[in-house]
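1. okay, predicted coordinates and the sequence, questions at the end:
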Amino acid sequence: MAKTLVNDLKQLLRSDHSDEHQSKKEKFLSFLRSLEESNNVMAVRNLVHQLQHLFEKEEKDGRQVSCLEDLLIRKFPFLEKWILHSPNETPKEDHHIMGKKMIGFEKEFDKIKKRLFGHVKEREVIAIVGMGGSGKTTLAKKLYQNLALKSHFEVVVWVDVSHKYDKREIMLHMLQSMGILTPEIQGESERRLNEELYRYLRTRKHLIVMDDMWSQDAFDDVKNMLPDDTQNNSRIVVTTRLLEVAEYAVRGKGCVHQMRLLTIDESWELLCTITFQEDAAAACPDFLVEVAKKIASNCKGLPLAIEVISGYLRIKPREKKIWEEFASKTDKFLGADDSTRKMIRLSLDDLSHDLKPCFLYFGLLAKDEKITFSQLVKIYTAEGFLMSNSTSPEEDTLKYLKELDSRNLVIAEYNPCGRMVRCSIHGVLRDLCLEIAKEEHFAAAIHKNSDDVKQPQRLAIHVDLGENRPPKSIIEPGNLSHLRSFICKKRLKFIEKKSSSHLHCFSKLEVAELPTMDFFGHSIDMLKLSNLKYLSLSVTKWRIPQHFADHFPEIQSLIMSQAKVEGTRVLWKMPKLRHLCFASSDMKCPKDTELKLPNLETLIYIKAYNCSQELFAATPNLRKLGVIDTFSDNLKPFSCIRIYDTDLPKLEILRFKHSGHGTFRAPSNWTLPENLKRVTLSHTKLPWKSLSMIGKLPNLEELKLSEKACTGETWETNEGEFQQLKLLSVHAAGLRCWETSAGHFPQLVHLTLQKCISLEKLPQGLVEFSTLERVRLDGCHLVLAINAQELVESYKESGILLEVHPDWYDIGWKLIKLSIIILCI
């Protein structure tokens, strides 16, 4: 049968439009449709591959027909779903692509497709990067299968690279996909195979999709198989989990596309489409909608997680109780799934020895928890994750976190100035990360009473275990003898009642985060933990005991952000201290001038009247300083502070907070350190005109004016001020008029106005800020929101993004809300 079709097919695939051609085409179509109606997939596939073989055999120059499969699909589009798979595979349904509709990423698909159709003659590279399971391959596959692209390019080839690849096998696969692999060529050397690829592709417009690229070397190996001197609009698409690989592949000739997570609505649509696909409308029954949406939300927008979960739900009985039970253990189910475990294991195996512990530590976080960058710096330093000779823990931590972020293993959040502020990990990754950490005895976490752990080096408790039935592993002292980090956010009453027999278990403890002073029945400040480097306590008041320096000689970070701390004199005997964070403290200059804290970088908060040149001389490397004043006007005013440029040459971050009833009084001879990059004022009631001294700081990048930071109705800025400012946040209920121009904020990127209920319009010069990207209004007057919208729209070319968060207590916003409700009735 195949032989009799070859001659007809040769004519059909050429540009002949005669009556005879049409007759043969109808005949051939009739035959193919009969196969389609019989639903005989293998018959169609086998026919195609027999025809391919005959073409290669009968054509003297097989290169006249580049790829029979592609040509068949161009001529007969309905065959696409039948012949895009290898002859020995059953077509695997990709639920993320349902027919011609792609769920999520439609805009991304169109954007990349437009780039592939672009008029740039040089070969471009489009790199798609994202975490495992984020839909990179799905998006690339949709592009590869697109009929318009297959018609646009003469050659379209898909290459699976993966973590372990064989160059020869890739070349053979490409030659076969192009329809030019003969038995003679198959036995040739790699060099000869490369020559065949080069000769064939050099004069043909081609699209090569390289899926699952893991290294720069791998990209070079595959790219070197291709001609590099083409000027025929050829393109390469690369998918990878590693940002550095994506950027390397592009190198100015193309673009990098970062995959995002699905929105709630997209997640819900994908779940319904897969779970209820046998229903014509793919609709979820009303009684399951609430629980099904919860399950979709639990997947946190990760397409692979949604597909795995949906595939499981398809076979579950449609009973609400069963689905509710499943919703409560979604994370556990995903952690046990082979496909998701394999996804994480590949990424983990590719991590260097230095990066692996930095990643595994994220398994200790609670569900949806975000950890600040500064906290990670302190913990990584205490744990010894950084290089022993590190001169800048912040830079080293930033380097590691950027690497993990570029590998799409953690989610790093940056402020508008490009500064990393916090990190988190996707829920699916977190659970699998913790499972792997548990297997390697690196770390363990307890999320419910029944959880048990076995000799962990690090332990996190995220549940209130109460007084009864604690896990045996915590009761048995020997099981915690290897403990290096202990993180507990809940008060553990049963532990507090235990005897001192537990205490010898914690000789290796380096990191402790506790809700109270109580630690296994003892006040932790009375213990002797000679290896402890990081201590964080959620207490509100604390007097440091005199023996503290002797019992905790290695302490680097002491964090009590909610506590009023007294007795800080003993801290001067602890030269290894790097970070002190308190709600307030009586820290002052020691009487012994020989005592210094040469390594101290953070001191937040100290009382204003203790600020002195002597204090700062004893802390010469201070980078972050927080000052709080609790006095009223009739006592000792805030203006007693004396901070000069020569006192703190390395100071970059300064915070002022006033908790009394007085007013901030800046002395006329007060000059701030010129290295300051970030300044925050809170309740200082500073006159607006006094901001000029801050505006003159040459390196200032961020200024946050929190509640009652300034007083007065008019703020008028001057030429030459705020020349490097990128982020400005203003919380000012009394501000009515703000007069400024673009020259006053030439580098401003992000503006936030919060609770500015008296301000009714933005400065006219706002849109003249050529660098301004975003304006955020939080709880401001409706009139201001309208004015801002009009201003931004009148200068559309500026591209400023306006973000408005209404204050529903404002009468204007109340009326709008009421109107919406009435319209919806």
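-> Received the coordinates, thanks.

2. now tell me which helix or strand of this structure has the poorest mean pLDDT.
-> The helix or strand with the lowest mean pLDDT-type score in the chain, counting by mean pLDDT, DSSP states H and E, is helix 80-83 (a mean of 45).

3. shaky segments in the stretch 201-350 of the chain?
-> 278-282, 332, 335-340, 343 (pLDDT under 70).

4. how about the helices in it?
-> Using DSSP state H, counting those that start in this stretch, the helices found in the stretch 201-350 of the chain span residues 216-223, 243-250, 264-275, 289-298, 303-313, 320-327, 330-336, 338-349.

5. out of those, which comes closest to residue 206?
-> Closest to residue 206 of these, according to C-beta to C-beta: helix 216-223, at 12.6 Å. Yep, even glycine has a C-beta here, placed from its N, CA and C like the rest.

6. residues contacting residue 245?
-> By C-beta atoms under 8 Å, 6 or more residues apart in numbering, residue 245 lies in contact with 127, 129, 213-216, 218-219, 238.

7. what does residue 749 give?
-> By C-beta under 8 Å, 6+ apart, the neighbours of residue 749 are 416-417, 726-727, 771-774.

8. show the buried residues in those.
-> Buried by 16 or more other C-beta atoms under 10 Å: 416-417, 726-727, 772, out of the contacts of residue 749.

9. ok, back up a step: what is the nearest of the contacts of residue 245 to residue 680?
-> Comparing the contacts of residue 245 against residue 680 with C-beta to C-beta places residue 129 closest, at 35.0 Å.

10. ok now do the closest residue to the closest one other than its chain neighbours, which residues does it touch?
-> With C-beta to C-beta, 6 or more residues apart in numbering as the criterion, residue 129 has its nearest non-adjacent residue at 4.1 Å, and that residue is residue 246. Neighbour list for residue 246: 127-129, 238, 240, 256 [criterion: C-beta under 8 Å, 6+ apart].

11. can we see that at 10 Å?
-> Residues counted as contacts of residue 246 (C-beta atoms under 10 Å, 6 or more residues apart in numbering) are 125-130, 213, 219, 238-240, 254-258, 406.

12. next, find the distance separating the residue lying closest to residue 432 once chain neighbours are set aside from residue 481.
-> Residue nearest to residue 432 in three dimensions, not counting chain neighbours: residue 344, with 4.3 Å by C-beta to C-beta, 6+ apart. Counting by C-beta to C-beta, to the nearest Å, the gap from residue 344 to residue 481 is 29 Å.

13. more neighbours, these two?
-> residue 344 (22 against 13; other C-beta atoms under 10 Å).

14. give the contact list for the more buried one.
-> Contacts for residue 344 (C-beta under 10 Å, 6+ apart) come out as 131-133, 335, 359, 409, 428-429, 431-433, 435-436.

15. run the last query once more with 7 Å
-> 132, 429, 432-433 (C-beta atoms under 7 Å, 6 or more residues apart in numbering).

16. please tabulate those in CSV, including the columns pLDDT, neighbour count and distance to residue 399.
-> Listed next are the contacts of residue 344 as CSV, based on pLDDT from 0 to 100; neighbours: other C-beta atoms under 10 Å; distance: C-beta to C-beta, whole Å:
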residue, pLDDT, neighbour count, distance to residue 399
132, 82, 24, 22
429, 78, 30, 21
432, 78, 26, 24
433, 83, 27, 20
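
17. sitting in helices, which of the residues you listed do you find?
-> Under the assignment DSSP state H, the contacts of residue 344 contribute 429, 432-433 to helices.

18. now flag whichever of those is closest to residue 722.
-> The shortest approach to residue 722 among the ones in helices among the contacts of residue 344 belongs to residue 429, at 40.4 Å (C-beta to C-beta).

19. just the strands in the stretch 501-650 of the chain please.
-> Ranges of strands in the stretch 501-650 of the chain, per DSSP state E, counting those that start in this stretch, are 511-514, 518-519, 522-523, 534-537, 541-543, 557-566, 579-585, 602-607, 624-629.

20. in a markdown table: these, plus mean neighbour count.
-> Listed next are the strands of the stretch 501-650 of the chain as a markdown table, based on neighbours: other C-beta atoms under 10 Å:
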| stretch | mean neighbour count |
| --- | --- |
| strand 511-514 | 21 |
| strand 518-519 | 20 |
| strand 522-523 | 14 |
| strand 534-537 | 22 |
| strand 541-543 | 14 |
| strand 557-566 | 19 |
| strand 579-585 | 23 |
| strand 602-607 | 22 |
| strand 624-629 | 23 |
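
21. and the ones you listed: which comes nearest residue 781?
-> Nearest to residue 781, of all the strands of the stretch 501-650 of the chain, is strand 624-629, at 31.3 Å by C-beta to C-beta.

22. just give me the neighbour total for residue 570.
-> 14.

23. per-residue pLDDT, it?
-> Note for residue 570: predicted pLDDT of 90.

24. any idea how far it lies from residue 552?
-> For residue 570, the distance to residue 552 - C-beta to C-beta - is 10 Å.

25. quick one: low-confidence parts of the stretch 551-700 of the chain?
-> Using pLDDT under 70, the stretch 551-700 of the chain drops low at 630-646, 660-670.

26. helices along that one, start to end?
-> Under the criterion DSSP H, counting those that start in this stretch, the stretch 551-700 of the chain contains helices at 613-617, 692-695.

27. let me know the closest of the contacts of residue 344 to residue 686.
-> residue 429 (44.9 Å).

28. flag every buried residue along stretch 784-802.
-> Buried-residue list, stretch 784-802, by 16+ other C-beta under 10 Å: 784-785, 788, 791-792, 798, 800.

29. show me the shaky parts of the stretch 701-825 of the chain.
-> Per-residue confidence for the stretch 701-825 of the chain (pLDDT under 70) gives these ranges: 742, 766-770, 795-798, 807-825.

30. ok, 80 please
-> Along the stretch 701-825 of the chain, the model assigns pLDDT under 80 to residues 733, 741-743, 764-770, 781-782, 791-799, 805-825.

31. residue 263: neighbouring residues, count only.
-> Per other C-beta under 10 Å, the neighbour tally for residue 263 reads 11.
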